[in-house]
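Participant: Take this sequence and fold it.
(one chain, ligands or ions: 3)
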Amino acid sequence: MTDLAAVKAALKTQAVETPSWAYGNSGTRFKVFAQAGVPRTPFEKIDDAAKVHEFTGAAPTVALHIPWDKVEDYAALGKHAGERGVKIGAINSNTFQDDAYKLGSVCAPDPAVRRKAVDHLLECVDVMDATGSRDLKLWFADGTNYPGQDDIRGRQDRLAEALAEVYRRLGDDQRMLLEYKFFEPAFYHTDVPDWGTAYAHCLKLGEKAQVVVDTGHHAPGTNIEFIVATLLREGKLGAFDFNSRFYADDDLMVGAADPFQLFRIMYEVIRGGGFTAETAFMLDQCHNIEAKIPAIIRSVLNVQEATAKALLVDRDALAAAQADGDVLEANAVVMDAYNTDVRPLLREVREEMGLDPEPLKAYKASGWGEKIVAERVGGEQAGWGA
Ligand code: AOS
Ligand code: ZN
Ligand code: ZN
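Facilitator: Numbers count the residues shown, from 1 in each chain. Ligands and ions are numbered 1, 2, ... in the order given. A predicted model of the protein is given here:
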């Protein structure tokens, strides 16, 4: 039997980190459809992130992206966040939008380009010092488009050298999170294409280096929960970038395309002891055609629902069925949990936390959406890449 009180207690600790770039006008491929009321500054992005936390009680941190969230005074940004009840989360680096990075950043053949990229990563650690952030999140667009374009092995050496320099700069309580992605923007080969490559680099670097699993960065059919289980066994799962994909790196709302996959991932997280503050559960999404703040609230609720179902798996019954080799019963135990409507349970959890049981309705009734449209006039709206 599952202990409902324990399930509720666990749900009350849930923390999903929202990305600053999801509040701005964004979209990862063709046109970006601009929306009114979108933040114009990193301070306003934090205001929106704080609203998501206010209504869900489960989004206490917001990830920044440098230079998109560059400000004069990072301590002031951190203070602004604190005053609104949230904290600054991971600092995401950006070595993919400058002309200099045409042939790569930390893996580029030109040492001057590599120096520029590493200096940027070191600057991100300075931002972490100022904001009190624990995590430096690294994703590299590096790779090649044509066989022979560059030396695949040599690029791994350059990557290792760059990571080692940044790793040495980390403080005692800081971590480096290395994200992998199987293709795009490079199409022939990518320098950090999969969890194995990320894991190998992190293992060499040391315990402060951990792997990020972006759920949108795998080939169709990949068993992501197996990767999660493996990384947790090895003590190397640092974070998630949650989102949904149908085809490529779609960055759609997590749990929208495949809520069953999200449940299976959360089950392995819980099973492997990863449902703790040591794992950063971040969203990495772009909302191009849907209203942004409600989409982020919806995403947080999707993670909560998957987590609640995963917590409901009767682990004793499952272990017994597995030991008996009872394939159908074992599968039934898992499916019973997945097929449970957890929305009433989550409404209760929210009420016990002093929240409105219906976050989306409460947000809509709050008038925040209308207020930002009326007040955020003038200035330039933040966008992906700005
Ligand atoms: C890119 O595909 C990755 O998912 C990164 O996490 C990236 O830094 C993020 O999408 C913001 O651009
Ligand atoms: Zn990502
Ligand atoms: Zn991505």
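Participant: what about M335, how many neighbours?
Facilitator: When neighbours are counted by other C-beta atoms under 10 Å, M335 registers 12. (Each C-beta comes from the backbone N, C-alpha and C, glycine too.)
Participant: Alpha carbons of the helix or strand where it lies, as PDB, please.
Facilitator: Element membership for M335, per DSSP states H and E: helix 327-338. Extracted in PDB, the C-alpha atoms of helix 327-338 (Å, rounded to 0.1, in the frame of the first residue of the first chain):
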ATOM      1  CA  VAL A 327       5.100  -9.800 -16.100                       C
ATOM      2  CA  LEU A 328       1.500  -8.800 -16.400                       C
ATOM      3  CA  GLU A 329       1.000  -8.000 -12.700                       C
ATOM      4  CA  ALA A 330       4.200  -5.900 -12.600                       C
ATOM      5  CA  ASN A 331       3.100  -3.900 -15.600                       C
ATOM      6  CA  ALA A 332      -0.400  -3.600 -14.000                       C
ATOM      7  CA  VAL A 333       1.100  -2.000 -10.800                       C
ATOM      8  CA  VAL A 334       2.900   0.600 -12.900                       C
ATOM      9  CA  MET A 335      -0.200   1.300 -15.100                       C
ATOM     10  CA  ASP A 336      -2.500   1.500 -12.100                       C
ATOM     11  CA  ALA A 337      -0.400   4.400 -10.700                       C
ATOM     12  CA  TYR A 338      -0.200   6.000 -14.100                       C
END
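Participant: helices or strands up against that helix?
Facilitator: If you count contacts as 3 or more C-beta pairs under 8 Å, 6 or more residues apart in numbering; DSSP states H and E, helix 327-338 packs onto helix 259-271, helix 292-311, helix 315-323.
Participant: does G274 really touch L232, like I thought?
Facilitator: Yes: shown here, G274 and L232 form a contact pair, counting by C-beta atoms under 8 Å, at 4.8 Å.
Participant: residues shared between the contacts of those two?
Facilitator: Common contacts of G274 and L232 (C-beta atoms under 8 Å, 6 or more residues apart in numbering): E268.
Participant: Of the two, which one has the most company?
Facilitator: The neighbour comparison of G274 against L232 (other C-beta under 10 Å) goes to G274, with 20 against 17.
Participant: Model confidence for the more buried one, exactly?
Facilitator: Note on G274: pLDDT of 98.
Participant: Check T13 too.
Facilitator: At T13, the pLDDT value in this model is 98.
Participant: can you give me the helices for this structure?
Facilitator: Residue ranges of the helices in the chain, as given by DSSP state H, are 4-12, 42-56, 74-83, 111-131, 152-169, 195-205, 224-233, 259-271, 292-311, 315-323, 327-338, 343-352, 359-366, 368-375.
Participant: With distance to V62 as added columns, please give those helices in CSV.
Facilitator: Below are the helices of the chain laid out as CSV (distance: least, C-beta to C-beta, whole Å):
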stretch, distance to V62
helix 4-12, 20
helix 42-56, 4
helix 74-83, 7
helix 111-131, 10
helix 152-169, 23
helix 195-205, 24
helix 224-233, 24
helix 259-271, 21
helix 292-311, 10
helix 315-323, 33
helix 327-338, 30
helix 343-352, 21
helix 359-366, 16
helix 368-375, 16
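Participant: Any idea which of the ones you listed gets closest to ligand 1?
Facilitator: Of all those, helix 111-131 sits nearest to ligand 1, with 11.6 Å by C-beta to the nearest ligand atom.
Participant: contacts for the closest one?
Facilitator: With contact meaning C-beta under 8 Å, 6+ apart, helix 111-131 is reached by 64, 66, 74-75, 77-78, 88, 91-95, 98, 100-101, 103-108, 133-136, 138, 158, 162, 165-166, 169-171, 174.
Participant: In strands, which of those residues appear?
Facilitator: If you go by DSSP state E, those have 64, 88, 91-92, 135-136, 138 in strands.
Participant: and those residues, which two are the farthest apart?
Facilitator: Spatial extent of the ones in strands among the contacts of helix 111-131 (C-beta to C-beta) is set by the pair I88 and L138 at 17.1 Å.
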